[in-house]
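Peer 1: Next one to model:
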Amino acid sequence: MLAGLLSMLYVLKAEALAWHLWHQLHSPDHHGLDLANYQVAIEAKPLAHYQNTSGLTFNHETGTLFTVLNDMSMIVELSRDGVPLREIKVHGADDLEGITHVEQDYYVVADERENKLWLLQIKPETREISIDDASLLRFGMHERGNKNFEGVSWDSVHHRLIVVKERDPKYVISVSGLYDPEHKKQNTIEVERLKQFDGALKWALRDLSSVTYHEKSGHLFLLSDESKLLKQFNESGQTMGSLALWKGFHGLHQSVPQAEGVAIDDEGSVYIVSEPNLFYVFKPQPLAR
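Peer 2: Modelled structure (predicted):
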């Protein structure tokens, strides 16, 4: 009987629901995003004929989004309304899972199966690109498999890359020295496991499917597909709120089926892509007076 009860609680994601409700009631005042006040503005919009959208980033310079398609080995530029603007075929890629804009025309993409990170230059006219022409970012981690690098985000404040490993084990690492904004080259590589997030990952998030760094607040946003949560953390690893991706929360008519990528724009709007090809936008609501 106990085993059956525990199994039912696991299926219902009871621990994720409990943590979400707790943080809604007890999140301290902060300068980040008030996720409790967010409502869905675009729900489950299909992204054309695409399959397996697996990462998302916002380019603050162009005002557009970029997502990767792992089965189709493609990068797609999107408007903030989820309209495809450009397709970029990526030759030589095996399992693209994450993407982040660095600056100007430079992006980092993650290949999960090969456990590699690539620095790509995507110019406004680019329609095809080869991994052979990209820079491989090496930092001494060579595991292969399908539970490795799942998300990447560039932190221009500290000039570092934030990388999340999906599970078994799941963790967040900081990689500095991979990219010199002035000279476009690698320096001395420093890899640091951000242990301040380990406690939350152990108890509140079942996996990690994406990450984005919000520079205005200095907060880290971690997305979990299995827990159906987007959680906001400060630099010390303290939870500052969460966005629940279940039916009935934040105006959702249906739960987000498989959230794989997250990005935040200059206005604080939250964008999420879900496999195989669904697009979501969450926006803060005006406070009642």
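Peer 1: how about the helices in the protein?
Peer 2: 2-11, 14-26, 198-203 (DSSP state H).
Peer 1: Which of those has the lowest mean pLDDT?
Peer 2: Mean pLDDT is lowest for helix 2-11 out of the helices of the chain, coming in at a mean of 42.
Peer 1: surely residue 170 meets residue 164?
Peer 2: Yes: under the contact definition of Cβ atoms under 8 Å, residue 170 touches residue 164, with a separation of 7.3 Å. To be clear about C-beta, it is placed using only N, CA and C from the backbone, and glycine gets the same treatment.
Peer 1: Could I get the pLDDT score of residue 33?
Peer 2: pLDDT at residue 33 comes out at 93.
Peer 1: mind listing what it touches?
Peer 2: If a contact means Cβ atoms under 8 Å, 6 or more residues apart in numbering, then residue 33 has 214, 217, 219, 232, 241, 264, 268, 270, 284 as its contacts.
Peer 1: Count the neighbours of residue 236 for me.
Peer 2: Other residues within reach of residue 236, judged by other Cβ atoms under 10 Å, total 7.
Peer 1: which one is it nearest to, not counting chain neighbours?
Peer 2: Leaving out its chain neighbours, the residue that sits closest to residue 236 by Cβ to Cβ, 6 or more residues apart in numbering is residue 196, at 5.7 Å.
Peer 1: Next: residue 276.
Peer 2: What sits nearest to residue 276 in space, not counting adjacent residues and going by Cβ to Cβ, 6+ apart, is residue 51, at 4.8 Å.
Peer 1: Run through the stretch 101-250 of the chain and note the low-pLDDT ranges.
Peer 2: When the per-residue scores of the stretch 101-250 of the chain are filtered using pLDDT under 70, the ranges that remain are 112-114, 138-148, 179-187.
Peer 1: Show the residue spans covered by the strands in it.
Peer 2: For the stretch 101-250 of the chain, the strands defined by DSSP state E, counting those that start in this stretch occupy 106-111, 116-121, 128-130, 135-137, 149-155, 160-165, 171-176, 190-193, 210-214, 219-224, 229-233, 239-244.
Peer 1: I'd like these as a markdown table, with mean neighbour count and distance to residue 202 appended.
Peer 2: Conversion of those to a markdown table gives the following (neighbours: other Cβ atoms under 10 Å; distance: least, Cβ to Cβ, whole Å):
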| stretch | mean neighbour count | distance to residue 202 |
| --- | --- | --- |
| strand 106-111 | 24 | 23 |
| strand 116-121 | 21 | 25 |
| strand 128-130 | 15 | 38 |
| strand 135-137 | 17 | 28 |
| strand 149-155 | 25 | 17 |
| strand 160-165 | 25 | 14 |
| strand 171-176 | 18 | 10 |
| strand 190-193 | 13 | 14 |
| strand 210-214 | 24 | 17 |
| strand 219-224 | 26 | 12 |
| strand 229-233 | 25 | 13 |
| strand 239-244 | 24 | 13 |
